[in-house]
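>>> I would like to see how this sequence folds:
(chains A, B, C and D)
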2 protein chains.
Amino acid sequence: MSGKLPVRDRRAERHAATRREILDAAWELVRTDGLASLAMRNLGQRVGMRAQSLYAYFPSKHAIYDAMFADSNRQLLDRLTNLPPSDDPIDRLRRQARRFLDFCIEDPVRYQLLFQRTIPGFEPSAESYAPALDVLDHSRQALRDCGIDESRALDTWTALTAGLAAQQNSNEPGGDRWVRLLDEVIDMFLVRYPPTESRRP
Amino acid sequence: MSGKLPVRDRRAERHAATRREILDAAWELVRTDGLASLAMRNLGQRVGMRAQSLYAYFPSKHAIYDAMFADSNRQLLDRLTNLPPSDDPIDRLRRQARRFLDFCIEDPVRYQLLFQRTIPGFEPSAESYAPALDVLDHSRQALRDCGIDESRALDTWTALTAGLAAQQNSNEPGGDRWVRLLDEVIDMFLVRYPPTESRRP
DNA sequence: GTCTATATTTGGATAGAC
DNA sequence: GTCTATCCAAATATAGAC
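Take a look at the predicted model:
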């Protein structure tokens, strides 16, 4: 029988910490070189290892992309979950959209990884993708809280926010020419899909 | 003095034809392998040449991307220019948007090349990019013909169409879940930016 | 867990013969 | 204009010593 006394597994902790360190370094690299240019060599160099040693932490480069994808999704979900509470569902809807948009434009590379499937062989694993569905549910719920239930409304809603993010990132990264249209666009949306009084507080 | 008699330069024609052939093959390749996976070797194979021989037609791989980029822009511009005439400017606006959207979704790889700057070292040359500005002018003019002049209106307009295209391509390529929202979205837009009677026929 | 060594593949590009 | 022959560089990944 193997002794199971130690509560903390220092070994595992160390391993996890190094994994984290590698991922952070990967983020730095892709932000300067571009998402597709991530190379094991450079990554190893950045954390003070040989490229080969990285395989003790990730079985492949795609696994690194996958972990980064999961990172991003978790961050976004956190951002949407920790909204300051508000009694006004429309206010919540607006804030949520604002947060989403800020998230999209504050790191174009992360945006590319999450929303533009552009890396040759990479597809996120089911586990890494799961939070994305929660994110969508957040929007669905926020709309529902405003009494907006149509499925067309949800699709339109995502298209509006996605469109502002896409235009901002591809035409004026770092700027706010499209971002600042958000409130106006939401007004437009709310005229077409008028909220009802069916709030649920 | 060099004789200049022959009106047609058969040599140049042949060269241009082969260039065209190479570009067509490149399109086929990227549609199956992905935009970033275009390789000179495969491309040569596809047209029955060694990779090295391609350099007689294009000075680099980026030059091929650039020509493909120019291709796409010209196609789009053609599509928008050859709209059936209509006396109703709003009708024209709608048709134009429809064409644009169809163009975006009928070939996701072309969409990626044109609108998502995603290939590591590639930036289109000024010449290849020029038609893109004409495309934007088309939208500007179509809106103006409806009496819609605000610059915010133009930015919102491009965000709406871009958003529908982005969602359609990334969430349901080949489908029409977002595309079919177009008319409704345009209605929404026209409520916020009401056309005036200042048509110019 | 990290290293050296190496396998393997791939890919862009040039030189020079024909 | 196309080929052969190469070069060079970069990249992913594995094996096995320490």
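
>>> which residues are in contact with the host helix or strand of A:R92?
A:R92 is part of helix A:89-106 when elements are defined by DSSP states H and E. By CB atoms under 8 Å, 6 or more residues apart in numbering or on different chains, the surrounding residues in contact with helix A:89-106 are A:75-76, A:79-80, A:83-84, A:86, A:111, A:115, A:138-139, A:142-143, A:145-146, A:161, A:164-165, A:168-169, A:173-174, A:179, A:182-183, A:186, A:190, A:195, A:199. (C-beta placed from N, C-alpha, C; glycine too.)

>>> now with 7 Å?
Applying CB atoms under 7 Å, 6 or more residues apart in numbering or on different chains, the contact partners of helix A:89-106 are A:76, A:79-80, A:83, A:86, A:111, A:138, A:142-143, A:145-146, A:161, A:164-165, A:168-169, A:179, A:182-183, A:186, A:195, A:199.

>>> packing partners for the helix or strand following that helix?
Scanning forward in sequence from helix A:89-106 by DSSP H and E, the next helix or strand is helix A:108-115. Counting contacts by 3 or more CB pairs under 7 Å, 6 or more residues apart in numbering or on different chains; DSSP states H and E, helix A:108-115 is packed against helix A:61-81, helix A:151-171.

>>> okay, the angle between helix A:108-115 and helix A:61-81?
Taking axes from the mean of the first three to the mean of the last three CA atoms, to 10 degrees, one finds helix A:108-115 and helix A:61-81 inclined to each other by 100 degrees.

>>> would you mind writing the CA trace of helix A:108-115 as PDB?
Taking Å, rounded to 0.1, in the frame of the first residue of the first chain, the C-alpha atoms of helix A:108-115 are listed here in PDB:
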ATOM      1  CA  PRO A 108      -6.500  41.000 -31.000                       C
ATOM      2  CA  VAL A 109      -4.400  37.800 -30.900                       C
ATOM      3  CA  ARG A 110      -6.700  36.300 -28.300                       C
ATOM      4  CA  TYR A 111      -9.600  37.400 -30.400                       C
ATOM      5  CA  GLN A 112      -8.100  35.700 -33.400                       C
ATOM      6  CA  LEU A 113      -7.600  32.500 -31.400                       C
ATOM      7  CA  LEU A 114     -11.100  32.400 -30.000                       C
ATOM      8  CA  PHE A 115     -13.200  33.600 -32.800                       C
END
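
>>> so what touches it?
With contacts defined as CB under 7 Å, 6+ apart, helix A:108-115 is touched by A:30-31, A:35, A:68-69, A:72-73, A:104, A:118, A:165, A:169, A:173, B:118, B:170.

>>> please see if the helix or strand harbouring A:R20 touches DNA strand C.
Using DSSP H and E, A:R20 sits in helix A:10-33. Yes. Shown here: helix A:10-33 in contact with DNA strand C (CB under 7 Å from any atom of the strand) through A:R11, A:R14, A:H15, A:T18.

>>> ok, now which ones touch the last one?
Same thing as A:T18. A:T18 touches A:Y57, counting by CB under 7 Å, 6+ apart.

>>> centre of the chain to stretch A:131-143, how far?
In this view, stretch A:131-143 has its centroid 12 Å away from the chain centroid, taken as CA atoms, centre = their mean, to the nearest Å.

>>> state the distance from A:P84 to A:Q75.
From A:P84 across to A:Q75, the span is 18 Å (CB to CB, to the nearest Å).

>>> residue of chain A nearest chain B, please.
Using CB to the nearest CB, the closest approach of chain A to chain B is made by A:G163 at 2.2 Å.

>>> close enough to count as contact, that residue and B:T158?
No. Taking contacts as CB atoms under 7 Å, A:G163 lies outside contact range of B:T158: 8.0 Å.

>>> who's more crowded, the two?
A direct count of neighbours by other CB atoms under 10 Å in any protein chain shown for A:G163 and B:T158 places A:G163 higher, at 26 against 19.

>>> get me the contact residues on chain A for DNA strand D.
A:37-42, A:51-52, A:55, A:59-62.

>>> can you redo the residues you listed as a markdown table with distance to DNA strand C, neighbour count and secondary structure?
Output for the residues of chain A next to DNA strand D, formatted as a markdown table (distance: CB to the nearest atom of the strand, whole Å; neighbours: other CB atoms under 10 Å in any protein chain shown; DSSP: H, G, I helix; E, B strand; the rest coil):
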| residue | distance to DNA strand C | neighbour count | secondary structure |
| --- | --- | --- | --- |
| A:S37 | 13 | 12 | helix |
| A:L38 | 16 | 18 | coil |
| A:A39 | 12 | 13 | coil |
| A:M40 | 11 | 19 | helix |
| A:R41 | 10 | 11 | helix |
| A:N42 | 14 | 15 | helix |
| A:A51 | 8 | 14 | helix |
| A:Q52 | 4 | 10 | helix |
| A:Y55 | 7 | 14 | helix |
| A:P59 | 13 | 10 | coil |
| A:S60 | 13 | 12 | coil |
| A:K61 | 13 | 19 | helix |
| A:H62 | 15 | 17 | helix |
